[in-house]
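Undergrad: let me see the structure of the following:
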Amino acid sequence: MQLLAGVKLCTGRTLTNHPHYEDKHLRERTKQIYQIYAKTSPEDVYRILRSFGTDYVILEDSICYERRHSRGCRLRDLLDVANGHIMDGLGENEPDLKPSLYPRFCEEVKKNLPSYTVHFTRVFQNKTFHVYKLAKHK
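TA: Got it, this is the predicted structure:
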C-alpha cells in the first residue's frame, strides 16, 4: 500500500492494486491481475492488464521468489493450483494438476525475450521491484 500510495502521489496515474475490502468482483479481478506471478503466457498477461486499463506493472521479487512460506502456501503455489498447474519444487501434487505450457511470467519477463519485450518494456528496476511499461498495440 505504501509503495502504490507513493506512485499515485508522484504520477497521478490510475493504479491497479490488491483490494483490501473484497467482494466477488474484486476477488476475480485480483485473481486475474495476479497472473503476473503465475505460469502464464505474455500475451495473456498483456491482455488481462490491458483489460483493466493498465499502462505499467510493478513486479515485486519477494512475491515472485517467495521463500518465507512452505510449498503449497505461497501465492505462486495458490495460483498454480487455481490454474490447474503443477507447483514448483519438491513435493506431492494433486493428480489432476498438469505441467503448464508456459514458464512463470514474473521470472521470464526479466530475461527480455522477444515474446515478452513486444508487450513489456522495463523502465525501472532496483533490488526489490521491476517496473514494466505495457506496449500500446493497435
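
Undergrad: CA only for contacts and neighbour counts going forward, please
TA: Will do.

Undergrad: which parts of this protein are strands?
TA: Read by DSSP state E, the chain holds these strands, from start to end of the chain: 56-60, 120-125, 129-134.

Undergrad: want to throw those strands into a markdown table with mean pLDDT?
TA: Conversion of the strands of the chain to a markdown table gives the following (pLDDT from 0 to 100):
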| stretch | mean pLDDT |
| --- | --- |
| strand 56-60 | 94 |
| strand 120-125 | 97 |
| strand 129-134 | 96 |
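
Undergrad: just put those strands in a markdown table and tack on distance to residue 6 and mean neighbour count.
TA: Formatted as a markdown table, the entries for these read as follows, by distance: least, CA to CA, whole Å; neighbours: other CA atoms under 10 Å:
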| stretch | distance to residue 6 | mean neighbour count |
| --- | --- | --- |
| strand 56-60 | 13 | 19 |
| strand 120-125 | 15 | 15 |
| strand 129-134 | 14 | 18 |
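
Undergrad: can you put those in a markdown table and add distance to residue 68?
TA: Converted to a markdown table, the strands of the chain look like this (distance: least, CA to CA, whole Å):
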| stretch | distance to residue 68 |
| --- | --- |
| strand 56-60 | 14 |
| strand 120-125 | 22 |
| strand 129-134 | 18 |
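
Undergrad: residues contacting residue 81?
TA: Taking CA atoms under 8 Å, 6 or more residues apart in numbering as the contact definition, residue 81 lies against 87, 97.
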